[in-house]
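Colleague: sharing a model that was predicted from the sequence below.
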Amino acid sequence: MTLGVEIRNLDMSFESKSGTIHVLDDIDLSLDPGIFCSIVGPSGCGKSTMLRIIDGLIPPMAGSVTVGDTVVTGPSLDRGFVFQQFNLLPWRTVLANVEFGLENLGVQKQERRERAKRWLRVVDLDEFESYYPAQLSGGMQQRVGLARALAIEPEVLLMDEPFGSVDDQTRMLLQEELLQIWERDHKTVVFVTHDIEEALFLSDLVVVMSPRPGRIIQKIAVPFGRPRKDTLRGDPEFSRQKQTVWEELRGGGLARPVGEVAGG
Amino acid sequence: MANSLAKAKEKQQVQITKKAHERKAPSTLGRLLSGKWGLRLIVYGALLVGWQVTAMVKGPFFAPTIPETLAGIADAWANGYYSILFDSLRQMIVGFLLSLVIAIPLGALIGRSRVMDDLLSPYVNTLFVTSKEALIPLFVILFGIGFQYRVAVVVLFAFFFPVMNTAAGVRFVDQHLIETARAFCTSRWRMFKAIYLPGAAPFIVAGIRLGLGMALKGFVIAEIWVITGTGRLLVEAGSLRLLDTYFAIALVIAAIGIGTNEGLKALERRLRQHAHLGNEG
């Protein structure tokens, strides 16, 4: 089972010493159950903030988020979160890290262990269950982060630039791996990235956002079928779609001169 | 003229290279003496020689010689002084553990809760800078001079470093890890157990180590104040000028302190390494 996500009139601003910073401006977004949606936008456009509001980590100033039939008021184990910096607990082994969410679910020790092992097999890290995070490469750490989020078997998976801190080759491999895992059960995914190619390769829907205050400029339905193969990246239509998304981003003011951005 | 000058220069050059060469390959002895243990050997050796010479010149009324002190360590055993010492240490350990049981949770609360910080930190800081010795007469009035009194004084001495270190460590736990735990719906209670305390572990162990030093100091002062236990041994040995016994007991206490301190330091290093590696990844 998986749930849809409804975002209505979402508005967000932060108070800082130099005044109020308007981060998100009137966001409306409706995601069907089982959709893979990417949110692209320039840094600082509020896309990570939006993801945290969907999770319930940050309360919005105005508007609402509904997951399934439930209005989000705080974090829930219906939603799994994958972080850009992996955020594994350095004093826990790989296996114990994957068990972390299950402990909060109240799963008994024996079952917890089995479930964690099962998900480590899915991300192909079962041999490393007794390692500590520091002993793994960035890509492997993020697979642990993914297994931790999947192990609680969430209805919605929220991913915050999950492959932003690994090298190019690893990133491409992780993207394919993520798609393979996603093909198993087609959970709803909200995936934040600034990488256009990544967004297109993974998603059914690409949401393009403007610089701060973040607004939705365009929602682009990705025309490629599934399951997708790595060769898609070389497809001429793929390049055309990249160009389309890039033009939307640029039209939103991405390429303003630096001085102007700083001044504004 | 110019020629001989050039030659002299050349000669100098050769000598310099030679010297550099010599420096590169020092003798085994030289290497040993310039290392950490070599330096210690020299400095501590000099101190021991100084002690021995002073004791020999001044006589046993002022300082026992090294052999006399070593004999004193054996005599103290024969006289059953160590059972008195261990009795005192047992009480110290009770006091020390009690101080940790209070200090670590309290420190964690102060580190995490604004309200607790505002409420308790002024008291902790005031007591920390107050002379703890000055409170001993009050403790005698409150607790008498028995077990309770000694435990209370040890708690008073040992309490502060674990509180302040735990608070500091918990405050500095990686914000990303806290956010992660929140995203996974970690309860407030489990936050302490699963995130704050393990995250602050190197700080906490450092606090325990400093607290143990204070506890050792506290039990000796408490006992000297009311002339009981090991404190009584020290006071009597001092006033009767049994300096070999006096030095022997002082040395054994110092050795216990150094031993436990080194053990905790090793643990602290391991935890720090762990935390550091984690941040690198």
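Modeller: The structure has been received and is ready for your questions.

Colleague: for the stretch 51-200 of chain A, what lies in contact range of chain B?
Modeller: Applying Cβ under 8 Å from any Cβ of the partner chain, we find that the stretch 51-200 of chain A lies next to chain B at A:55, A:57, A:75-77, A:79, A:81, A:83, A:85-91, A:100-101, A:103-104, A:132-136, A:138, A:141, A:148, A:152. Where you see a C-beta, it was placed from the backbone N, CA and C, and this is true even at glycine.

Colleague: cross those against strands and list the overlap.
Modeller: A:79, A:81 (DSSP state E).

Colleague: in chain B, where is pLDDT below threshold?
Modeller: B:1-26, B:274-281 (pLDDT under 70).

Colleague: correction: chain A
Modeller: Using pLDDT under 70, chain A drops low at A:1, A:253-264.

Colleague: let's see that with 90 instead.
Modeller: Applying pLDDT under 90 to chain A flags the ranges A:1-2, A:15-21, A:42-45, A:165, A:185, A:211-213, A:249-264.

Colleague: picking up where we left off before, restricted to buried residues, select the residues of the stretch 51-200 of chain A next to chain B in PyMOL.
Modeller: In PyMOL, a selection of the buried entries from those looks like this (16 or more other Cβ atoms under 10 Å in any protein chain shown):
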select buried, chain A and resi 55+57+75+76+77+79+81+83+85+86+87+88+89+90+91+100+101+104+132+133+134+136+138+141+148+152
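
Colleague: quick check, the residue in the stretch 1-150 of chain A closest to chain B?
Modeller: A:Pro90 (2.2 Å; Cβ to the nearest Cβ).

Colleague: was I right to think that residue contacts A:Leu136?
Modeller: No: look at A:Pro90 against A:Leu136 with Cβ atoms under 8 Å: they stay out of range, at 11.1 Å.

Colleague: so the residue in the stretch 1-150 of chain B positioned nearest to chain A is in which element?
Modeller: When scored by Cβ to the nearest Cβ, the stretch 1-150 of chain B has B:Ala108 as its residue closest to chain A, at 16.1 Å. Using DSSP states H and E, B:Ala108 maps to helix B:81-112.

Colleague: in that helix, what counts as buried?
Modeller: B:81-82, B:84-85, B:88-89, B:91-92, B:95-96, B:98-100, B:103-104, B:106-112.

Colleague: got the phi and psi for the residue most central in space within chain A?
Modeller: The centroid of chain A falls nearest to A:Met159 when counting by Cα atoms, centre = their mean (1.9 Å). A:Met159 adopts backbone torsions of phi -130, psi 120, taken as degrees, to the nearest 10.

Colleague: quick revisit: immediately after the helix holding B:Ala108, which helix or strand?
Modeller: Past helix B:81-112, the next helix or strand by DSSP H and E is helix B:114-129.

Colleague: what is whatever helix or strand comes next after that next one packed up against?
Modeller: Downstream of helix B:114-129, the first helix or strand assigned by DSSP H and E is helix B:136-143. Other elements packing on helix B:136-143 under the criterion 3 or more Cβ pairs under 8 Å, 6 or more residues apart in numbering or on different chains; DSSP states H and E are helix B:147-158, helix B:201-226.

Colleague: could you export those as TSV, including distance to A:Thr244 and mean neighbour count?
Modeller: Converted to TSV, those look like this (distance: least, Cβ to Cβ, whole Å; neighbours: other Cβ atoms under 10 Å in any protein chain shown):
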stretch	distance to A:Thr244	mean neighbour count
helix B:147-158	68	23
helix B:201-226	51	22
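
Colleague: looking at those, which is closest to A:Ser48?
Modeller: Ranking these by their distance to A:Ser48 (criterion: Cβ to Cβ) puts helix B:201-226 first, at 29.7 Å.

Colleague: got the buried residues for the helix or strand following that closest one?
Modeller: Following helix B:201-226 in sequence order, the next helix or strand is helix B:229-239 (DSSP H and E). Buried residues in helix B:229-239, counted by 16+ other Cβ under 10 Å: B:229-231, B:233-235, B:237.

Colleague: helices or strands up against the helix or strand following helix B:229-239?
Modeller: Downstream of helix B:229-239, the first helix or strand assigned by DSSP H and E is helix B:243-280. Counting contacts by 3+ Cβ pairs under 8 Å, 6+ apart, helix B:243-280 is packed against helix B:66-78, helix B:81-112, helix B:201-226, helix B:229-239.

Colleague: tabulate these (JSON lines), appending distance to A:Cys45.
Modeller: Shown next, in JSON lines, are those (distance: least, Cβ to Cβ, whole Å):
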{"stretch": "helix B:66-78", "distance to A:Cys45": "73"}
{"stretch": "helix B:81-112", "distance to A:Cys45": "32"}
{"stretch": "helix B:201-226", "distance to A:Cys45": "37"}
{"stretch": "helix B:229-239", "distance to A:Cys45": "69"}
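
Colleague: mind checking which of those helices is nearest A:Ser30?
Modeller: Among the helices and strands packed on helix B:243-280, helix B:81-112 sits nearest to A:Ser30 (Cβ to Cβ), with 38.9 Å.

Colleague: just how off-centre is the closest one within its chain?
Modeller: 15 Å (Cα atoms, centre = their mean, to the nearest Å).

Colleague: same check, this time on stretch A:49-61
Modeller: The answer for stretch A:49-61 is 13 Å, by Cα atoms, centre = their mean.
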